[in-house]
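Engineer: below: sequence and its predicted model.
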Amino acid sequence: MSKHVIDRLSPYLDGALGAADLEQVEAHLEACVSCRRAYQELQTLQGLVRALPDPEPSPGFTDRLHWRLQREGAAPRRPAPLGWFSVRPPFRVALVCAAVLVVLGLPAAWMADRFAPQKAPLDTDAYVREYLLLSVDRPLGDEAAPAFVLSDTPASESPRP
């Protein structure tokens, strides 16, 4: 059996359900005694409320209401004291939180040396091993020396630029 439809009885009574929901509620009311009883109680309550007389306003109520609405409509609007106070409350809270984060977070990070360059420890043994591995196939000699000094050709035979 389907679940109870008590939460949809009031919209059903008011005629505010869609076609699919309307069919489900009607089918359930035919099968379920407890939901049918709740629906009948809602119908009775609605009939009692509709039978009540319309409330009468106190003498002069409409005149006071009309006067107050005219006064509020004619009153000049005051601008916000500061421009950012006119921001909606959720955005105002977000702005305040961001300002607090910047005001407190940046000095704290600076004092904790978060902005200083990170110093990696130098592993001298690994540096020497890497240097030796890379320099195994290089000739022993001054690498800064010009190429024409190391060549075997005499200076007179070297090509001129």
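Structural biologist: Good, I have the coordinates.
Engineer: what separation do you get for residue 24 and residue 10?
Structural biologist: 15 Å (C-beta to C-beta, to the nearest Å). Using the backbone N, CA and C atoms, a C-beta is placed for each residue, glycine as well.
Engineer: if you could redo that for residue 55, that was the one I meant.
Structural biologist: Distance from residue 55 to residue 10, counting by C-beta to C-beta: 23 Å.
Engineer: coming back round to it: tell me which of residue 24 and residue 10 has more neighbours.
Structural biologist: For residue 24 versus residue 10, neighbours defined as other C-beta atoms under 10 Å are more numerous around residue 24 (17 against 13).
Engineer: test my guess that that one contacts residue 4.
Structural biologist: No: with contact defined as C-beta atoms under 8 Å, residue 24 does not reach residue 4; the gap is 11.3 Å.
Engineer: so for this protein, the centremost residue is which one?
Structural biologist: For the chain, the residue sitting closest to the mean C-alpha position, by C-alpha atoms, centre = their mean, is residue 94 at 10.7 Å.
Engineer: tell me the buried residues in the helix or strand that residue falls within?
Structural biologist: Using DSSP states H and E, the element containing residue 94 is helix 89-111. Residues of helix 89-111 classed as buried: none (neighbour count, 16 or more other C-beta atoms under 10 Å).
Engineer: ok, then the element right after that helix?
Structural biologist: Counting by DSSP H and E, the next helix or strand C-terminal to helix 89-111 is helix 124-134.
Engineer: what about this protein, any weak spots by pLDDT?
Structural biologist: 1-2, 78-87, 115, 138-161 (pLDDT under 70).
Engineer: tell me how the protein divides into domains.
Structural biologist: As assigned by automatic domain parsing, the chain contains the domains 6-51, 82-114.
Engineer: how far away from the center of its chain is the last one?
Structural biologist: In this case it means domain 82-114. Here domain 82-114 is found 17 Å from its chain centre; the criterion is C-alpha atoms, centre = their mean, to the nearest Å.
Engineer: so what's residue 22 up against?
Structural biologist: Residue 22 sits next to residue 12 when contact means C-beta atoms under 8 Å, 6 or more residues apart in numbering.
Engineer: what does stretch 30-46 contact?
Structural biologist: The contact list for stretch 30-46 (C-beta under 8 Å, 6+ apart) reads 1, 4, 5, 6, 9, 10, 12, 13, 28, 29.
Engineer: now with 7 Å, please.
Structural biologist: For stretch 30-46, the external contacting residues (C-beta atoms under 7 Å, 6 or more residues apart in numbering) are 1, 4, 5, 6, 9, 10, 13, 28, 29.
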